[in-house]
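Peer 1: Everything below, folded, please.
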Amino acid sequence: MTRWQTDTDFRVISKLLLTIAILFSSWFLPPFSHFWAWLDIKGFLLLNSWIRESDVWQSFWGIGNCPITDWMYDIVMAGFFIHYIFNEKGKRGYRFAQFFSALILVSCVLMFVNRHLFSTILDIPRLSPSNVIEGCVRLSQEIHWMHIKDSSGHCYPGDHGTTILLFCSSVHFLAGRKRGLFALFCSIPFLLPRLIVGAHWLTDVIMGSFLIALLYQAIFYYTPIFAMLADSLYAGGARIGSLFKQGKVKEQVYE
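Peer 2: Got it, this is the predicted structure:
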């Protein structure tokens with residue numbers, strides 16, 4: 001039984017696609033393109049200045065670029081979805097199916113869009129700020145007791161920012177606007193490290209990760225695709241549970 005978006009919401013989809021078109025075109029059309037270029041440079045200089053003087057601050061943001069911090073963010077993501085799943089007792093089964101559906105779709109976007117389309121097919125060359133701005137602080141040269149990725153030759157759009165914004169989009173759609181905004185607020189400390197050390201420009205996030213997240217919502221959440229996937233997983237899980245219970249009953253009868 002369908003419990004979510006069953007029809008294509010063309011009104012919302014149109015707004016999302018229009019937002020994507022306006023933002024992306026402004027990246028190339030003057031005078032807006034000059035603003036984005038200015039924002040990239042000034043934004044990086046400001047963020048990178050945070051780690052210029054303090055060794056403690058350098059270590060803090062250096063750790064923020066380590067895999068252990070990504071695992072911590074996975075725990076944060078899990079916390080939001082666990083709260084969503086168990087918040088209403090009678091809907092836990094279907095909400096778990098929704099969570100698993102979102103996990104599948106986010107993984108597909110990261111695999112086929114970020115890592116295949118952009119990295120393999122388009123192969124867009126774009127130097128990260130640390131490779132462009134002279135005199136910036138390179139944490140990989142300041143801290144030698146951990147591996148820090150602070151440069152890239154193909155920094156657009158960025159897997160890390162896309163993962164975070166796809167997660168926030170999912171929380172926003174499933175749990176509501178307030179929890180979505182709270183998820184975004186909690187995600188900022190995990191989004192900043194790549195920007196501070198110079199692995200990504202601000203527009204990698206705004207014109208890359210953010211626009212991918214909007215397109216993701218338009219395609220999957222405001223069409224029946226997400227509901228159909230969740231319904232299928234829920235029905236399959238219910239069927240497996242039914243077969244498991246039948247097997248248990250038969251074992252008791254034979255005993």
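
Peer 1: Near residue 79, how many residues? Count them for me, please.
Peer 2: 12 (other C-beta atoms under 10 Å). The C-beta positions use only the backbone N, C-alpha and C, and glycine is treated the same way.

Peer 1: Oops, could you answer that again for residue 25 instead?
Peer 2: There are 11 residues near residue 25, going by other C-beta under 10 Å.

Peer 1: Quick check: phi and psi at it.
Peer 2: Main-chain dihedrals, residue 25, degrees, to the nearest 10: phi -70, psi -30.

Peer 1: got it, and the one 4 residues further on?
Peer 2: Dihedral angles of residue 29 (phi, psi; degrees, to the nearest 10) stand at phi -100, psi 130.

Peer 1: separation between it and residue 126?
Peer 2: From residue 29 across to residue 126, the span is 19 Å (C-beta to C-beta, to the nearest Å).

Peer 1: Mind checking which of the two has more residues around it?
Peer 2: residue 126 (17 against 10).

Peer 1: what is the mean pLDDT for stretch 145-163?
Peer 2: Average pLDDT, stretch 145-163: 89.

Peer 1: brain fart, stretch 51-71
Peer 2: 89.

Peer 1: buried set for that stretch?
Peer 2: For stretch 51-71, a neighbour-count test (16 or more other C-beta atoms under 10 Å) marks 51, 58-59, 61-62, 64-65, 69 as buried.

Peer 1: Poorly predicted segments of the stretch 1-150 of the chain, please.
Peer 2: Along the stretch 1-150 of the chain, segments meeting pLDDT under 70 span 1-6.

Peer 1: Which stretches in the stretch 151-255 of the chain count as helices?
Peer 2: Counting by DSSP state H, counting those that start in this stretch, the stretch 151-255 of the chain has helices at residues 159-175, 177-197, 202-203, 211-216, 225-254.

Peer 1: Tell me which of those sits most buried.
Peer 2: helix 159-175 (a mean of 23; mean count of other C-beta atoms under 10 Å).

Peer 1: chain center to that one: distance?
Peer 2: 4 Å (C-alpha atoms, centre = their mean, to the nearest Å).

Peer 1: Equivalent analysis for stretch 37-45, please.
Peer 2: On C-alpha atoms, centre = their mean, the centre of stretch 37-45 falls 23 Å from the chain's centre.

Peer 1: residues in contact with residue 184?
Peer 2: 168, 172 (C-beta atoms under 8 Å, 6 or more residues apart in numbering).

Peer 1: distance of it from residue 210?
Peer 2: 11 Å.

Peer 1: and what of residue 174?
Peer 2: Applying C-beta to C-beta to residue 174 and residue 210 gives a distance of 19 Å.

Peer 1: repeat for residue 97
Peer 2: 27 Å.

Peer 1: Then residue 21?
Peer 2: 14 Å.

Peer 1: So for the two, which sits in the more crowded spot?
Peer 2: Using other C-beta under 10 Å, the more surrounded residue of residue 21 and residue 210 is residue 210, with 21 against 11.
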